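Peer 1: sequence and predicted model, in that order:
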Amino acid sequence: MDALKEAVLKIVKDTTLTHQQAMMTLADLAVSQEGISETTTEFDTLHRLGIICDMSEPKVPYAPRYTLPDYGKLLREGSRFLRLGPPQTLDEAIHLLQLFYLQVPSVTHMPVYLGNIDTLLDPFVTDNDATRMKIGRFLDFIEKAIPNSFCHANIGPEETVAGRMIIEIETRRQQAVPGITLLYDKDITPPKFAEACAMCALTCAKPSFANHAAYAKQHGNSPNGYGIASCYNALAIGGGAYTLSRIVLKRAADRASNVDQFLNEVIPRAVDTLTRFMDAKIKFLVEESHFFKSNFLVEEGFLAQENFTGMFGVVGLHEAVNILLEKEGIPGRYGVDKNANELGHTIMQTLERLVKKHENPYCQISDSHFVLHAQVGIDSDIGISPGARIAIGEELPLYTHLKHSGEFHPYFPSGTGDIFPFDSTYLRNPSSVLDIIQGGFASGMRYVSTYGRDSDVIRITGYLAKRSDMEALDRGEVVRQNNVIWALGEVHNGRVLERKVRR
Amino acid sequence: MQYGEVRWNRAVCNGCDTCITLCPHKASPKVQVIGSDQIADLVEANLPFIRGVTFSGGECMLQAGALVELCERLSKSVGSVMLDSNGSIDFSLYPRLLAACDGVLLDMKCYDETKHFELTGQSNKQVIANAIYLAKMGKLAEIRTVVVPNELPNEDTVSRTAELVAQWLPRGMVIPYKLIRFRRFGVRGVAAGYQSPSNGEMEALRAMVSAYPCFRPLVV
């Protein structure tokens, strides 16, 4: 109890927090107390060693980690809970979306998916300055009412008047919230619009580019298609993910004596323990907590249990491969050497096989299996690279790097991505950035993010933050965006400002 | 330096180009003799990240024979193939090369022959003949002029080049006219003392080019 009391007081006295930030942190504390739920001894052991990690999710979850409401349905039908009918005008559409967003939970207590905002609004849009102002205010509402850059909007793949306006406004606005992804398909997205998006990305780190053709195919069985939520998570619209738990390959490799023991003992034991833990958490969420029984999002059909899945996160492949080769006394570095990359594939294929072997009755949308996810890391990871990414400081020449990413992205159906900052000379030729993204997709990549070397808004790992906000927080000032604290941690621990700038 | 020659070691080279300034003839020791197939392999290794390739130089037309095979192969594998040339070699002698490439980026240093002679030691008759020939064939992909205030009659060059090329371009074809600011960076010898043009000078030239619907002015 003393530890809890101390933790509560620390939050209550913290002068860098807004009221809302303090309230949410206190709420998280309540559902994370020691002993509030039972875990197995096996889980406790591996968790203490840091080989598996619960991402500090609530021990007793009362909402899914990621929700992707069916906003198309909202605009067609309105909501009984909000007592609002389907909108007839742009003002009504924006009003409805804004009020609805405030009711959408996730692990951040805020929406992590805002919908395909261009196609949602476009039917109500006429190309004039009044509309431009309204969309500008809509984006401003999102930035101020949902101050967390895991809240993510999608645009594309078609070009729309609304989409063009959003990109034009974002280029000028220079804000970290919301995150935006362009669902990009070279056969659907007109080059001029894609170039405007690349230009916007070079100035404010968004939108990122998702390989729409690959994701649309992968989510072919989802009745409402897919969306990109939170960092870069590709999940079913009308559903989402109950949980994201992760295996930390670097620490698993630290504990292994050689490659064979790593693949045949350490990894299977960790996967078994983690999948059982996820089973228990999902069972509680579906069967015990109120969410799937009484939340209006489920009752009115904006979300449905059968569209949710469990995300099995992976981090630190780069370090695991290097550690294992060193233990074997074999020279080789992940990214650079063929034998190291082959070991990387073997590890990923082993994980894929083991995770596919496990069944969970509540993951109907993904054939009763959990889905692999390239987790981007948390601020306390030191010397552990996100997912299968090549470590910062060891980047390869651009094309080789992209081809490497292209080989590893397909292992992660529920999301992965790579980040490439570019020199300001690319601003003069955004089509060359597009060529690079297009080549990456042709090489198998699923998701590419970029930003300009001199931007204020930059991509941290899977989310955006303003350098100026990080500096303010570092001085002890209050900052409105609530995940800037993690960004600052990544800057201190994750070397994000040292990424290789492409010229 | 060894026996009066610069020995170049690729493994330790950082690309500072001091070796070139050390040579009394300003020759590069980095020159390699390789076949057109090897060059094509090097280019194709960049797929799928490129949509095209441009051969520059020196003067790429000094290797016109080798360029034919190269362009024929790369236009199939990579896509667009361009030649960046100073126009000193007669393009009408190389119909097969022109058929295999998408177009030529042509340098027009100076339209006035006397001035051109002073600048380069050569007449510009061939350059002008090439500009007409390439425009007529629809193979002129870009025309470019480096703007050096005081040293060159920039206005005269741009206006007369624009007037000439506009007459011969196929109807409806629009090409970039690239106006390049002279910059001292990386320039040696007497030209290192030249001035860069002001924004005003560049804008005046842009306006001149804009008067022709067949040109898209680009100031860099």
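Peer 2: Done, it's in.
Peer 1: got a list of what the residue in chain B that chain A sits nearest to touches?
Peer 2: In chain B, the residue found nearest to chain A is residue B:49; the distance is 3.4 Å by CB to the nearest CB. The way it works is simple: take the backbone N, C-alpha and C, and place the C-beta from them, glycine included. Neighbouring residues of residue B:49 by CB atoms under 8 Å, 6 or more residues apart in numbering or on different chains: A:398, A:399, A:402, A:435, A:436, A:439, A:440.
Peer 1: and if you look at residue B:145?
Peer 2: Neighbouring residues of residue B:145 by CB under 8 Å, 6+ apart: B:107, B:108, B:109, B:154, B:157, B:158, B:161, B:177, B:178, B:179, B:180.
Peer 1: pull the residues that contact the one helix or strand residue A:95 maps to.
Peer 2: Assessed by DSSP states H and E, residue A:95 sits inside helix A:90-101. Contact with helix A:90-101 is made by A:69, A:71, A:74-75, A:78-79, A:82, A:84, A:87, A:110-111, A:114-115, A:117, A:120-121, A:124-125, A:131, A:134-135, A:137-138, A:141-142, A:145-146, as judged by CB under 8 Å, 6+ apart.
Peer 1: what residues sit buried inside that helix?
Peer 2: For helix A:90-101, burial by neighbour count (16 or more other CB atoms under 10 Å in any protein chain shown) applies to A:90, A:92, A:93, A:94, A:96, A:97, A:100, A:101.
Peer 1: looking at those, spot the one nearest chain B.
Peer 2: The nearest one, if we look at the buried residues of helix A:90-101 relative to chain B and count by CB to the nearest CB, is residue A:90, at 36.3 Å.
Peer 1: quick one: terminal-to-terminal distance for stretch A:66-74?
Peer 2: 18 Å (CA to CA, to the nearest Å).
Peer 1: contact partners of that stretch?
Peer 2: For stretch A:66-74, the surrounding residues in contact (CB under 8 Å, 6+ apart) are A:96-97, A:100, A:104-107, A:111-116, A:120, A:224, A:227, A:229-230, A:233, A:235-241, A:244, A:297, A:301-303, A:311.
Peer 1: 7 Å - rerun?
Peer 2: Stretch A:66-74 is touched from outside by A:96-97, A:100, A:104-106, A:112-113, A:115, A:120, A:224, A:227, A:229-230, A:233, A:235-241, A:297, A:301-303, with contacts defined as CB atoms under 7 Å, 6 or more residues apart in numbering or on different chains.
Peer 1: quick one on the thing from earlier: reformat the buried residues of helix A:90-101 as TSV; add pLDDT and distance to residue B:5.
Peer 2: Supplementary listing: the buried residues of helix A:90-101 in TSV, determined by pLDDT from 0 to 100; distance: CB to CB, whole Å:
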residue	pLDDT	distance to residue B:5
A:90	98	73
A:92	98	79
A:93	98	74
A:94	98	73
A:96	98	77
A:97	98	72
A:100	98	75
A:101	98	71
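Peer 1: closest to residue B:92 out of these?
Peer 2: Closest to residue B:92 out of the buried residues of helix A:90-101 is residue A:90 (60.4 Å), distances taken as CB to CB.
Peer 1: circling back to that earlier point, and which of the contacts of residue B:145 is nearest residue A:431?
Peer 2: Within those, the smallest distance to residue A:431 is 16.1 Å, found for residue B:178 (CB to CB).
Peer 1: show me the shaky parts of the chain.
Peer 2: I went with chain A, as the question did not name one. Within chain A, the ranges that satisfy pLDDT under 70 run A:1.
Peer 1: wrong one, I was asking about chain B
Peer 2: Using pLDDT under 70, the flagged stretches of chain B are B:1-2, B:4.
Peer 1: which parts of it are strands?
Peer 2: Applying DSSP state E to chain B gives strands spanning B:52-55, B:80-85, B:103-107, B:140-147, B:175-181, B:215-219.
Peer 1: what's the helix or strand for the residue nearest the centre of chain A?
Peer 2: For chain A, residue A:231 is the residue whose C-alpha lies nearest the centre (CA atoms, centre = their mean; 2.0 Å). Assigned by DSSP H and E, residue A:231 belongs to no helix or strand.
Peer 1: state the phi and psi torsions of it.
Peer 2: In terms of degrees, to the nearest 10, the main-chain angles of residue A:231 are phi -70, psi -70.
Peer 1: can you tell me how far it is from chain B?
Peer 2: As judged by CB to the nearest CB, to the nearest Å, residue A:231 and chain B stand 25 Å apart.
Peer 1: can you count the residues close to the residue lying closest to that residue once chain neighbours are set aside?
Peer 2: Excluding its sequence neighbours, the residue lying closest to residue A:231 (CB to CB, 6 or more residues apart in numbering or on different chains) is residue A:462, at 2.6 Å. Applying other CB atoms under 10 Å in any protein chain shown, we find 26 other residues in the vicinity of residue A:462.
Peer 1: quick one, what contacts residue A:462?
Peer 2: The contact partners of residue A:462, by CB under 7 Å, 6+ apart, come to A:231, A:232, A:376.
Peer 1: regarding it, what is its secondary structure?
Peer 2: Recorded secondary structure, residue A:462: coil (DSSP: H, G, I helix; E, B strand; the rest coil).
Peer 1: my assumption is that residue A:132 lies in a helix; please confirm.
Peer 2: Yes: applying three-state DSSP, one finds residue A:132 inside a helix.
Peer 1: that's all I had, so thanks and see you.
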